[in-house]
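K.L.:
with the sequence up front, the predicted model follows.
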Amino acid sequence: MTEFRVWAPSTDRVRLRVPADAGGAEVGGAGVAAGRDRPMSRADGDWWTLDVPEAGPGTDYAFLLADDDRPLPDPRSAWQPHGVHGPSRVYDHGAYRWSDGDWTGRQLAGSILYELHVGTFTPTGTFDAAIEHLDHLVDLGVDLVELLPVNAFNGEHNWGYDGVCWFAPHEAYGGPDGLKRFVDAAHQRGLGVVLDVVYNHFGPSGAYAPMFGPYLAESESPWGRAVNLDGPRSDEVRRYILDSVLMWLRDYHVDGLRLDAVHAFVDTGATPLLEELSVEVEALATHLGRPLSLIAESDLNDPRLITSREAGGYGLHAQWNDDAHHALHTLLTGERQGYYADFGSLQCLADVLTGAFFHAGGWSSFRGRRHGRPVDRARIPGHRFVAYLQNHDQIGNRAVGDRISASLSPALLRVGATLLLTSPFTPMLFMGEEWAAGTPWQYFTSHPEPELAAAVANGRRREFGAHGWGPSDVPDPQDRSTYERSRLDWSEPERPGHRDMLDFHRRLIALRKAWPDLSDPRLDRVEVRHGDQFLVIGRGRCLVAANLADRPQRVTLPEAVRSVLLATEDGVSVTRGGVELPAESAVIVST
């Protein structure tokens with residue numbers, strides 16, 4: 001017996017289409033096209049229901065609204081084997097045999113995150129192929145793997161932020177069972193899994209949910225119409241998101257979610273959706289007996305997101321911290337264009353390391369106004385801020401998708417890694433960063449619709465043309481070679497240079513985990529002193545000294561050095577009262 005349910009408040013008729021011979025076996029889309037239509041009954045709350053005894057797991061189905069004979073996929077479809085425009089398929093979450101019964105979870109605090117895109121992490125671009133490299137991540141010292149969005153989108157390859165099916169993993173990656181196999185395999189190796197999810201907009205192709213009800217608001221987001229979080233009948237739309245969140249955590253055993261661009265939520269209710277999410281996820285974590293994390297991406301610099309509910313905040317566990325990235329990136333690269341304009345000084349980095357946000361209520365020249373709010377350094381721990389030298393946005397949203405390894409010396413890369421991985425924040429690496437991957441990560445799409453494909457490509461050229469890039473300089477997102485260039489080259493970690501960088505990251509991560517002072521999240525205990533292109537960071541009994549100059553420097557230290565824990569370059573010499581640092585180098589010492 002399968003109960004079919006769909007929320008469709010604005011129609012007076014809903015029909016269910018299943019194959020005429022529906023009996024539990026898998027059937028193709030043609031079976032639905034030639035299938036039998038059955039009237040559904042309206043229930044309380046504008047839900048329509050129908051029990052079909054013969055439609056078991058594997059049965060394809062679709063809905064028809066009013067007098068429209070177009071079969072539409074289920075807005076809550078768990079499986080879209082024929083793509084986002086095809087029929088849905090009944091999926092039984094209870095059928096998968098998990099082997100992670102001993103898994104007790106992985107908390108975010110103290111962890112190392114690793115962001116990867118399933119489609120370009122391996123040449124094959126599937127969940128199963130990614131499993132083959134999980135041991136590499138264990139050996140590196142990673143604790144949590146963060147997957148870019150995997151819910152179904154139109155086309156074969158895409159960053160994932162054009163998803164339209166918020167309950168169904170992308171079929172080309174391996175579908176529902178493929179994601180479960182990946183999570184299961186990660187847990188067997190002691191790795192947690194964080195999933196990036198997008199609830200601020202629907203993608204431009206295959207978004208059928210708004211045909212069923214008022215899922216969209218009249219207001220606009222940067223990617224089209226915003227999701228209806230506070231208008232008429234928004235309660236069911238919010239429930240739609242809440243149920244999706246709980247499904248990933250419960251049915252796929254995922255350990256956390258990264259919530260994309262929550263600053264784009266238009267939500268004026270007294271209880272914000274983010275707070276509701278926090279409450280319901282805490283209840284689920286209590287029931288499951290393992291920690292579940294919610295990580296927000298927000299450019300508001302508002303600490304209320306990560307302040308506990310008891311203290312009047314939303315109770316999220318962490319948020320991405322672009323200020324940390326900008327402070328490090330500008331200092332290392334010298335770039336100052338666009339939103340980098342206010343960053344780039346050693347004092348800026350000092351402010352970030354001790355207070356998390358650089359824009360904390362002061363002037364933002366990029367925005368032309370004051371921005372942000374100070375963090376209570378004594379009460380909010382640094383582990384609630386995810387920091388990074390690189391991520392999918394900061395690489396892929398550059399004109400040619402170039403990593404910082406394309407412009408920085410290996411020595412400065414090591415300095416940057418040292419500053420990141422000895423910070424009081426939760427560090428995150430982007431796939432391949434650990435070996436200074438030579439492959440770019442570019443913006444790619446595979447929209448089948450010619451008009452949409454042309455609009456995306458032309459929009460990309462216009463965007464960067466305004467900054468002086470010629471049309472031929474900007475890779476065409478629709479060109480398959482753009483996607484193929486973005487795949488990791490797994491032969492690189494065995495090559496000279498790349499191998500050395502990988503070994504350095506292993507040793508640095510191991511050191512962070514061996515010395516409690518290096519992962520101490522207490523912001524009010526971080527001390528920073530800086531001078532002419534150098535800085536010294538006090539981390540309890542540890543000191544981190546970095547020379548960013550292209551010449552050797554002697555840096556005085558406030559305490560006597562007992563031992564050198566890690567140096568980025570040969571030639572570091574500890575002297576009485578200081579340390580001699582080669583050009584573009586850093587050292588971690590104990591005192």
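P.N.:
That came through, no problem. Numbers count the residues shown, from 1 in each chain.
K.L.:
hmm, L328 and Q394 touching each other?
P.N.:
No. Applying C-beta atoms under 8 Å, one finds Q394 not in contact with L328, separated by 10.4 Å. In this view, the C-beta of every residue, glycine as well, is placed from N, C-alpha and C.
K.L.:
who does E3 bridge with?
P.N.:
Beta-bridge partners recorded for E3 (DSSP bridges): D51.
K.L.:
L50 is in contact with that one, correct?
P.N.:
Yes. Look at E3 against L50 with C-beta under 8 Å: they come within range, at 7.5 Å.
K.L.:
what is the burial count for S308?
P.N.:
Neighbour count of S308, defined by other C-beta atoms under 10 Å: 13.
K.L.:
the more surrounded of Q394 and L328?
P.N.:
L328 (26 against 18).
K.L.:
helix, strand or coil for that one?
P.N.:
Three-state assignment for L328 (DSSP: H, G, I helix; E, B strand; the rest coil): helix.
K.L.:
what's the spacing between it and R512?
P.N.:
L328 sits 16 Å away from R512 when distances are taken as C-beta to C-beta, to the nearest Å.
K.L.:
same question for V145.
P.N.:
Distance from V145 to R512, by C-beta to C-beta: 18 Å.
K.L.:
again, but for R17
P.N.:
Distance, R17 to R512, using C-beta to C-beta: 56 Å.
K.L.:
for Y443, same thing?
P.N.:
32 Å.
K.L.:
what do you get for T568?
P.N.:
14 Å.
K.L.:
N301 now?
P.N.:
26 Å.
K.L.:
got it, and A264?
P.N.:
Distance of A264 to R512, computed by C-beta to C-beta: 33 Å.
K.L.:
more neighbours: which of those two?
P.N.:
R512 (23 against 20).
K.L.:
what number of residues lie near the residue lying closest to the more buried one once chain neighbours are set aside?
P.N.:
Nearest residue to R512 in three dimensions, chain neighbours excluded: L518, at 4.6 Å (C-beta to C-beta, 6 or more residues apart in numbering). For L518, the count of nearby residues is 22 (other C-beta under 10 Å).
K.L.:
checking L518 next. Helix, strand or coil?
P.N.:
helix.
K.L.:
so what's the spatially most central residue of the chain up against?
P.N.:
With distances taken as C-alpha atoms, centre = their mean, the chain has D196 as the residue nearest its mean C-alpha position (4.2 Å). D196 makes contact with E146, L147, L148, P149, G160, L257, R258, D260, according to C-beta atoms under 8 Å, 6 or more residues apart in numbering.
K.L.:
please repeat the previous calculation with a cut-off of 10 Å.
P.N.:
115, 117, 146-151, 159-161, 163, 257-260, 295, 297, 392 (C-beta atoms under 10 Å, 6 or more residues apart in numbering).
K.L.:
same check, this time on R461
P.N.:
A399, W469, G470, P471, S472, D473, V474, P475, D476, P477.
K.L.:
widest-spaced pair of those residues?
P.N.:
Across those, no pair lies farther apart than G470 and P477, at 16.4 Å, counting by C-beta to C-beta.
K.L.:
quick one: which of these two has more around it?
P.N.:
P477 (21 against 10).
K.L.:
the more buried one against R485, yeah?
P.N.:
No. The criterion here is C-beta atoms under 10 Å, and P477 misses it with R485 at 11.8 Å.
K.L.:
between these two, what contacts are shared?
P.N.:
Q442, F444.
K.L.:
SS state for M428?
P.N.:
strand.
K.L.:
out of everything not next to it in sequence, what's closest to it?
P.N.:
Closest to M428 by C-beta to C-beta, 6+ apart is L113, at 3.8 Å.
K.L.:
any idea what the one you found is bridged to?
P.N.:
Applying DSSP bridges, one finds that L113 bridges with L144, M428.
K.L.:
run a quick neighbour tally on it.
P.N.:
Residues lying near L113 (other C-beta under 10 Å) number 25.
K.L.:
now which of the contacts of R461 would you call buried?
P.N.:
With neighbours counted by 16 or more other C-beta atoms under 10 Å, the contacts of R461 contain buried members at A399, V474, P475, D476, P477.
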